[in-house]
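# Starting from these lines, generate the structure:
(one chain, ligands or ions: 1)
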Amino acid sequence: MIVLDNVSKTYRTWRGPGVRAVSNVTLEIARGEVVGIAGPNGAGKSTLIAMLLGMLSPDEGRLTIDGVAPRAYVERNGVAYLPELMTWPLTWRTDEALRRMAILAGIPADRRRAEVDRVIDAVGIGEHRRKRLKALSKGNLQRVGLAHALLTDRAMVIFDEPTHGLDPVWTARFRDIVAGIRRADRAVLIASHNLDELERLCDRVAIVDRGAIQRVVEVRGGAGITAPRRWRIRVTQAPDAVAAAFPGAVINGPDIECTADVAGLNAGLAAAITAGALVTAVGPSESSLEEAFRSAVTAR
Ligand SMILES: Nc1ncnc2c1ncn2[C@@H]1O[C@H](COP(=O)(O)OP(=O)(O)OP(=O)(O)O)[C@@H](O)[C@H]1O
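Have a look, this model is predicted:
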(Lines give C-alpha, C1' and ligand atoms only; values in the text may rest on other atoms or scores of the structure.)
Protein backbone atom coordinates (compact mmCIF):
# COMPACT_ATOMS: atom_id res chain seq x y z
CA MET A 1 0.00 0.00 0.00
CA ILE A 2 2.71 2.47 1.02
CA VAL A 3 5.80 2.39 -1.17
CA LEU A 4 8.92 4.44 -0.55
CA ASP A 5 11.50 3.97 -3.26
CA ASN A 6 14.83 5.67 -2.65
CA VAL A 7 13.14 8.66 -1.03
CA SER A 8 15.27 11.61 0.11
CA LYS A 9 14.45 15.02 1.54
CA THR A 10 16.78 17.91 2.20
CA TYR A 11 15.75 21.04 4.09
CA ARG A 12 17.26 23.94 2.22
CA THR A 13 18.81 26.77 4.17
CA TRP A 14 19.93 30.20 3.01
CA ARG A 15 23.46 29.41 4.00
CA GLY A 16 25.30 26.09 3.89
CA PRO A 17 24.38 22.82 2.20
CA GLY A 18 21.05 22.29 4.01
CA VAL A 19 20.03 19.31 6.13
CA ARG A 20 19.53 15.94 4.44
CA ALA A 21 16.80 14.77 6.85
CA VAL A 22 15.82 11.64 4.89
CA SER A 23 18.30 9.80 2.74
CA ASN A 24 17.52 7.05 0.19
CA VAL A 25 14.77 5.39 2.18
CA THR A 26 13.23 2.31 0.59
CA LEU A 27 10.38 0.61 2.45
CA GLU A 28 7.06 -1.03 1.62
CA ILE A 29 4.16 -1.28 4.03
CA ALA A 30 1.35 -3.63 3.10
CA ARG A 31 -2.28 -3.60 4.19
CA GLY A 32 -2.69 -5.66 7.33
CA GLU A 33 0.71 -4.65 8.71
CA VAL A 34 1.64 -2.63 11.78
CA VAL A 35 5.09 -1.14 11.19
CA GLY A 36 7.16 0.84 13.66
CA ILE A 37 9.75 3.55 13.09
CA ALA A 38 12.36 3.97 15.78
CA GLY A 39 15.31 6.30 15.81
CA PRO A 40 17.15 8.82 17.94
CA ASN A 41 16.21 12.52 18.02
CA GLY A 42 16.72 14.12 14.65
CA ALA A 43 16.80 10.77 12.83
CA GLY A 44 14.20 11.88 10.28
CA LYS A 45 11.01 10.21 11.60
CA SER A 46 8.86 13.34 11.58
CA THR A 47 10.09 14.26 8.12
CA LEU A 48 9.12 10.79 6.84
CA ILE A 49 5.67 11.16 8.42
CA ALA A 50 5.23 14.66 6.94
CA MET A 51 5.94 13.17 3.50
CA LEU A 52 3.46 10.31 4.06
CA LEU A 53 0.82 12.87 4.99
CA GLY A 54 1.54 14.83 1.81
CA MET A 55 2.67 17.87 3.79
CA LEU A 56 6.20 17.69 2.31
CA SER A 57 7.30 16.28 -1.01
CA PRO A 58 10.40 14.15 -1.46
CA ASP A 59 13.03 15.85 -3.56
CA GLU A 60 14.42 12.52 -4.76
CA GLY A 61 12.86 9.10 -5.21
CA ARG A 62 9.23 8.04 -5.37
CA LEU A 63 6.64 7.83 -2.60
CA THR A 64 3.20 6.44 -3.38
CA ILE A 65 0.17 5.28 -1.43
CA ASP A 66 -2.11 2.95 -3.37
CA GLY A 67 -0.19 4.04 -6.45
CA VAL A 68 -0.76 7.79 -6.10
CA ALA A 69 1.16 10.65 -4.49
CA PRO A 70 0.46 11.00 -0.73
CA ARG A 71 -1.32 14.33 -1.02
CA ALA A 72 -3.73 12.97 -3.63
CA TYR A 73 -4.27 9.83 -1.53
CA VAL A 74 -4.96 11.78 1.67
CA GLU A 75 -7.32 14.21 -0.09
CA ARG A 76 -9.25 11.29 -1.55
CA ASN A 77 -9.23 8.83 1.35
CA GLY A 78 -8.19 10.71 4.47
CA VAL A 79 -5.80 9.42 7.10
CA ALA A 80 -6.13 8.66 10.81
CA TYR A 81 -3.26 10.67 12.22
CA LEU A 82 -2.22 11.18 15.81
CA PRO A 83 0.40 13.96 15.86
CA GLU A 84 3.13 14.21 18.44
CA LEU A 85 1.69 17.52 19.60
CA MET A 86 -1.96 18.56 19.61
CA THR A 87 -2.44 21.71 17.53
CA TRP A 88 -6.15 22.41 18.06
CA PRO A 89 -7.25 25.64 19.77
CA LEU A 90 -7.04 24.87 23.46
CA THR A 91 -10.20 26.87 24.19
CA TRP A 92 -12.28 24.17 22.45
CA ARG A 93 -14.13 21.73 24.67
CA THR A 94 -13.32 18.03 24.28
CA ASP A 95 -16.66 16.90 22.81
CA GLU A 96 -17.04 20.00 20.66
CA ALA A 97 -13.52 19.56 19.26
CA LEU A 98 -14.25 15.96 18.35
CA ARG A 99 -17.61 16.93 16.84
CA ARG A 100 -15.85 19.47 14.62
CA MET A 101 -13.36 16.80 13.56
CA ALA A 102 -16.29 14.47 12.82
CA ILE A 103 -17.76 17.12 10.51
CA LEU A 104 -14.40 17.53 8.75
CA ALA A 105 -14.14 13.75 8.41
CA GLY A 106 -17.49 13.71 6.62
CA ILE A 107 -19.37 11.70 9.25
CA PRO A 108 -23.10 12.25 8.53
CA ALA A 109 -24.97 14.47 11.03
CA ASP A 110 -27.22 11.67 12.25
CA ARG A 111 -24.21 9.51 13.25
CA ARG A 112 -21.93 12.23 14.55
CA ARG A 113 -23.02 12.25 18.18
CA ALA A 114 -22.85 8.45 18.47
CA GLU A 115 -19.40 8.33 16.86
CA VAL A 116 -18.04 11.03 19.18
CA ASP A 117 -19.51 9.18 22.19
CA ARG A 118 -17.96 5.93 20.95
CA VAL A 119 -14.42 7.34 20.77
CA ILE A 120 -14.74 9.29 24.02
CA ASP A 121 -15.73 6.03 25.66
CA ALA A 122 -12.95 4.06 23.89
CA VAL A 123 -10.25 6.30 25.38
CA GLY A 124 -11.96 6.76 28.75
CA ILE A 125 -12.32 10.57 28.78
CA GLY A 126 -16.06 10.73 29.54
CA GLU A 127 -15.54 12.79 32.68
CA HIS A 128 -13.57 15.38 30.66
CA ARG A 129 -15.96 15.73 27.74
CA ARG A 130 -17.18 19.23 28.70
CA LYS A 131 -13.75 20.53 29.72
CA ARG A 132 -11.73 22.90 27.60
CA LEU A 133 -8.63 21.27 26.12
CA LYS A 134 -6.40 23.68 28.05
CA ALA A 135 -7.78 22.23 31.30
CA LEU A 136 -6.77 18.67 30.41
CA SER A 137 -3.61 16.97 31.63
CA LYS A 138 -0.98 16.02 29.03
CA GLY A 139 -2.01 12.37 29.05
CA ASN A 140 -5.72 13.19 28.71
CA LEU A 141 -4.95 15.56 25.84
CA GLN A 142 -3.08 12.71 24.19
CA ARG A 143 -6.16 10.53 24.67
CA VAL A 144 -8.28 13.18 22.89
CA GLY A 145 -5.83 12.93 19.98
CA LEU A 146 -6.19 9.17 20.04
CA ALA A 147 -9.99 9.54 20.08
CA HIS A 148 -9.69 11.68 16.95
CA ALA A 149 -7.59 9.02 15.24
CA LEU A 150 -10.23 6.42 16.08
CA LEU A 151 -13.08 8.57 14.85
CA THR A 152 -12.81 7.66 11.22
CA ASP A 153 -12.55 4.43 9.35
CA ARG A 154 -9.32 5.07 7.46
CA ALA A 155 -7.11 2.58 5.68
CA MET A 156 -3.92 4.45 6.60
CA VAL A 157 -3.24 5.09 10.29
CA ILE A 158 -0.21 7.04 11.50
CA PHE A 159 0.63 7.46 15.17
CA ASP A 160 3.50 9.76 16.16
CA GLU A 161 4.65 9.03 19.72
CA PRO A 162 1.20 7.69 20.65
CA THR A 163 1.83 6.85 24.30
CA HIS A 164 3.67 10.07 25.07
CA GLY A 165 2.27 11.30 28.39
CA LEU A 166 0.06 8.25 28.98
CA ASP A 167 0.15 6.59 32.39
CA PRO A 168 1.07 2.87 32.60
CA VAL A 169 -2.59 1.76 32.67
CA TRP A 170 -3.37 3.71 29.50
CA THR A 171 -0.12 2.70 27.85
CA ALA A 172 -1.30 -0.90 28.28
CA ARG A 173 -4.81 -0.04 27.05
CA PHE A 174 -3.34 1.67 24.04
CA ARG A 175 -1.89 -1.71 23.05
CA ASP A 176 -5.40 -3.17 23.10
CA ILE A 177 -6.64 -0.26 21.00
CA VAL A 178 -3.91 -0.88 18.40
CA ALA A 179 -4.75 -4.59 18.43
CA GLY A 180 -8.34 -3.53 17.70
CA ILE A 181 -7.45 -1.26 14.77
CA ARG A 182 -5.22 -3.84 13.10
CA ARG A 183 -7.17 -4.96 10.06
CA ALA A 184 -6.45 -6.86 6.89
CA ASP A 185 -7.22 -3.79 4.75
CA ARG A 186 -5.35 -1.25 6.86
CA ALA A 187 -1.73 -0.17 7.20
CA VAL A 188 -0.66 1.20 10.59
CA LEU A 189 2.58 3.12 11.13
CA ILE A 190 3.81 3.97 14.63
CA ALA A 191 6.79 6.24 15.30
CA SER A 192 8.02 5.94 18.85
CA HIS A 193 11.05 6.18 21.08
CA ASN A 194 9.61 3.40 23.21
CA LEU A 195 11.20 0.22 21.87
CA ASP A 196 9.31 -2.01 24.26
CA GLU A 197 6.05 -0.59 22.96
CA LEU A 198 7.09 -1.05 19.32
CA GLU A 199 8.20 -4.59 20.02
CA ARG A 200 4.79 -5.45 21.48
CA LEU A 201 2.69 -3.68 18.83
CA CYS A 202 4.46 -4.07 15.51
CA ASP A 203 5.17 -6.74 12.94
CA ARG A 204 8.32 -4.96 11.80
CA VAL A 205 10.29 -1.99 13.04
CA ALA A 206 12.44 0.18 10.78
CA ILE A 207 15.38 1.62 12.69
CA VAL A 208 16.22 5.03 11.27
CA ASP A 209 19.35 7.01 11.98
CA ARG A 210 20.77 10.06 10.20
CA GLY A 211 17.90 9.97 7.74
CA ALA A 212 18.51 6.40 6.55
CA ILE A 213 16.95 3.06 7.41
CA GLN A 214 19.74 1.18 9.15
CA ARG A 215 17.78 -2.04 9.70
CA VAL A 216 14.29 -3.45 9.52
CA VAL A 217 13.68 -5.85 12.41
CA GLU A 218 10.97 -8.50 12.31
CA VAL A 219 9.57 -8.54 15.83
CA ARG A 220 6.63 -10.91 15.57
CA GLY A 221 5.94 -14.60 15.42
CA GLY A 222 8.98 -15.82 17.33
CA ALA A 223 11.33 -14.42 14.69
CA GLY A 224 14.92 -15.11 15.65
CA ILE A 225 14.08 -18.08 17.85
CA THR A 226 17.01 -20.02 16.41
CA ALA A 227 19.45 -17.13 16.78
CA PRO A 228 21.62 -17.04 19.91
CA ARG A 229 20.81 -14.19 22.28
CA ARG A 230 21.66 -12.98 25.78
CA TRP A 231 19.60 -14.38 28.65
CA ARG A 232 19.40 -13.49 32.32
CA ILE A 233 18.76 -16.42 34.67
CA ARG A 234 18.03 -15.87 38.36
CA VAL A 235 18.63 -18.66 40.86
CA THR A 236 18.41 -18.96 44.61
CA GLN A 237 20.54 -22.07 44.80
CA ALA A 238 23.65 -23.38 43.03
CA PRO A 239 24.43 -20.55 40.58
CA ASP A 240 27.63 -22.43 39.73
CA ALA A 241 25.52 -25.22 38.25
CA VAL A 242 23.93 -22.72 35.85
CA ALA A 243 27.25 -21.12 34.98
CA ALA A 244 28.70 -24.57 34.29
CA ALA A 245 25.83 -25.38 31.91
CA PHE A 246 26.45 -22.32 29.71
CA PRO A 247 29.96 -21.80 28.31
CA GLY A 248 31.06 -18.20 28.81
CA ALA A 249 28.30 -17.44 31.36
CA VAL A 250 28.95 -14.62 33.85
CA ILE A 251 27.61 -14.62 37.40
CA ASN A 252 26.36 -11.16 38.24
CA GLY A 253 24.97 -11.03 41.80
CA PRO A 254 21.85 -13.22 41.89
CA ASP A 255 21.78 -13.42 38.07
CA ILE A 256 23.67 -15.43 35.51
CA GLU A 257 24.11 -13.83 32.09
CA CYS A 258 24.62 -16.27 29.26
CA THR A 259 24.29 -16.59 25.48
CA ALA A 260 22.29 -19.39 23.85
CA ASP A 261 19.56 -20.05 21.32
CA VAL A 262 16.19 -21.20 22.66
CA ALA A 263 17.01 -24.92 22.37
CA GLY A 264 20.38 -24.38 24.07
CA LEU A 265 18.73 -22.36 26.83
CA ASN A 266 16.32 -25.20 27.59
CA ALA A 267 19.02 -27.85 27.49
CA GLY A 268 21.29 -25.77 29.75
CA LEU A 269 18.50 -25.09 32.23
CA ALA A 270 17.62 -28.79 32.37
CA ALA A 271 21.26 -29.67 33.10
CA ALA A 272 21.56 -26.93 35.74
CA ILE A 273 18.34 -27.97 37.50
CA THR A 274 19.45 -31.61 37.52
CA ALA A 275 22.70 -30.41 39.10
CA GLY A 276 20.76 -28.69 41.92
CA ALA A 277 20.01 -25.16 40.66
CA LEU A 278 16.74 -23.60 41.84
CA VAL A 279 15.70 -21.25 39.02
CA THR A 280 13.32 -18.38 39.93
CA ALA A 281 13.29 -16.31 36.71
CA VAL A 282 14.49 -16.50 33.11
CA GLY A 283 14.24 -13.77 30.50
CA PRO A 284 16.09 -12.00 27.70
CA SER A 285 18.70 -9.69 29.19
CA GLU A 286 17.57 -7.06 26.68
CA SER A 287 14.94 -7.14 23.99
CA SER A 288 15.98 -8.15 20.49
CA LEU A 289 14.80 -4.76 19.25
CA GLU A 290 16.96 -3.01 21.83
CA GLU A 291 19.92 -5.09 20.72
CA ALA A 292 19.24 -4.25 17.08
CA PHE A 293 18.74 -0.56 17.89
CA ARG A 294 21.98 -0.39 19.83
CA SER A 295 23.98 -1.98 17.05
CA ALA A 296 22.27 0.01 14.26
CA VAL A 297 22.41 3.48 15.75
CA THR A 298 25.71 5.31 15.91
CA ALA A 299 26.38 6.76 19.34
CA ARG A 300 26.78 10.53 19.47
N1 LIG B 1 12.00 22.73 8.95
C2 LIG B 1 13.27 22.30 9.07
N3 LIG B 1 14.30 23.02 8.59
C4 LIG B 1 15.57 22.60 8.67
N5 LIG B 1 15.94 21.43 9.24
C6 LIG B 1 14.96 20.66 9.75
C7 LIG B 1 13.58 21.05 9.70
N8 LIG B 1 12.84 20.08 10.29
C9 LIG B 1 13.71 19.12 10.69
N10 LIG B 1 14.98 19.46 10.37
C11 LIG B 1 16.21 18.66 10.59
O12 LIG B 1 16.02 17.42 9.91
C13 LIG B 1 16.56 16.35 10.66
C14 LIG B 1 15.47 15.32 10.91
O15 LIG B 1 14.48 15.91 11.77
P16 LIG B 1 13.13 15.16 12.17
O17 LIG B 1 12.30 16.16 12.92
O18 LIG B 1 12.53 14.52 10.96
O19 LIG B 1 13.69 14.03 13.17
P20 LIG B 1 12.89 13.08 14.20
O21 LIG B 1 13.45 11.72 14.00
O22 LIG B 1 11.43 13.25 14.05
O23 LIG B 1 13.38 13.66 15.61
P24 LIG B 1 12.65 13.61 17.07
O25 LIG B 1 12.75 12.19 17.55
O26 LIG B 1 13.54 14.53 17.88
O27 LIG B 1 11.25 14.12 16.92
C28 LIG B 1 17.14 16.98 11.94
O29 LIG B 1 18.51 17.19 11.71
C30 LIG B 1 16.40 18.30 12.05
O31 LIG B 1 17.19 19.24 12.72
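
# The ligand contacts on this protein?
11, 19, 21, 39, 41-47 (Cβ under 6 Å from any ligand atom). In short, each C-beta sits where N, CA and C put it, glycine included.

# at 8 Å instead, please
11, 13, 18-19, 21-22, 39-50, 84, 161, 191, 193, 208, 211 (Cβ under 8 Å from any ligand atom).

# Now the buried members of the residues you listed.
Listed as buried from those are 21-22, 39-40, 43-50, 84, 161, 191, 208, 211; burial here means 16 or more other Cβ atoms under 10 Å.

# Those in helices, which ones?
Secondary structure defined by DSSP state H assigns 45-50 of those to helices.

# Would you mind giving those as CSV with pLDDT added?
Compiled in CSV, these are given as follows (pLDDT from 0 to 100):
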residue, pLDDT
K45, 94
S46, 93
T47, 95
L48, 96
I49, 96
A50, 96
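
# mind listing the strands for the protein?
Using DSSP state E, the strands of the chain run over residues 2-11, 19-29, 34-38, 60-65, 80-82, 156-160, 187-191, 204-209, 212-218, 229-237, 250-252, 255-260, 278-284.

# can you redo those as a markdown table with mean pLDDT?
Below are the strands of the chain laid out as a markdown table (pLDDT from 0 to 100):
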| stretch | mean pLDDT |
| --- | --- |
| strand 2-11 | 96 |
| strand 19-29 | 95 |
| strand 34-38 | 95 |
| strand 60-65 | 96 |
| strand 80-82 | 91 |
| strand 156-160 | 94 |
| strand 187-191 | 95 |
| strand 204-209 | 94 |
| strand 212-218 | 91 |
| strand 229-237 | 90 |
| strand 250-252 | 88 |
| strand 255-260 | 92 |
| strand 278-284 | 91 |
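
# For these, give me TSV that also has distance to T171.
Formatted as TSV, the strands of the chain follow (distance: least, Cβ to Cβ, whole Å):
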stretch	distance to T171
strand 2-11	26
strand 19-29	24
strand 34-38	15
strand 60-65	29
strand 80-82	14
strand 156-160	13
strand 187-191	13
strand 204-209	17
strand 212-218	21
strand 229-237	23
strand 250-252	29
strand 255-260	26
strand 278-284	20
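
# How many residues are close by the residue nearest to E199 when sequence neighbours are not counted?
Spatially, and ignoring its direct neighbours in sequence, E199 is nearest to L289 (4.5 Å; Cβ to Cβ, 6 or more residues apart in numbering). Neighbour count for L289, taken as other Cβ atoms under 10 Å: 22.

# V144 too?
V144 has 26 neighbours, counted by other Cβ under 10 Å.

# Same check on G276?
Neighbours of G276 under the rule other Cβ under 10 Å: 12.

# and it, what does it touch?
G276 makes contact with 237-238, 241 under the criterion Cβ atoms under 8 Å, 6 or more residues apart in numbering.

# Mind giving me the PyMOL command for buried ones among those?
In PyMOL, selecting the buried portion of the contacts of G276, with burial taken from 16+ other Cβ under 10 Å, looks like this:
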select buried, resi 238+241
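
# Let me know the closest of the contacts of G276 to E28.
Relative to E28, the closest of the contacts of G276 is A241; by Cβ to Cβ it sits at 48.5 Å.

# how about the nearest residue to the closest one, chain neighbours excluded?
Spatially, and ignoring its direct neighbours in sequence, A241 is nearest to A275 (3.8 Å; Cβ to Cβ, 6+ apart).

# Kindly provide the distance from that neighbour to the ligand.
To the ligand, A275 is 48 Å away according to Cβ to the nearest ligand atom, to the nearest Å.

# Might you report the residue contacts of that residue?
So A275 contacts 238, 241, 244-245 (Cβ under 8 Å, 6+ apart).

# Would you mark the buried spots in stretch 108-128?
Here stretch 108-128 shows 112, 115-116, 119-120, 122-123, 125, 128 as buried, counting by 16+ other Cβ under 10 Å.

# Go through the residues you listed and name the one nearest the ligand.
For those, the minimum distance to the ligand (Cβ to the nearest ligand atom) is 23.2 Å, reached by V123.

# pLDDT at that closest one, what is it?
pLDDT for V123: 91.

# now R229, which residues is it bridged with?
R229 forms beta bridges with A260, as assigned by DSSP bridges.

# Now do the contacts for it.
259-261, 284, 288, 291.
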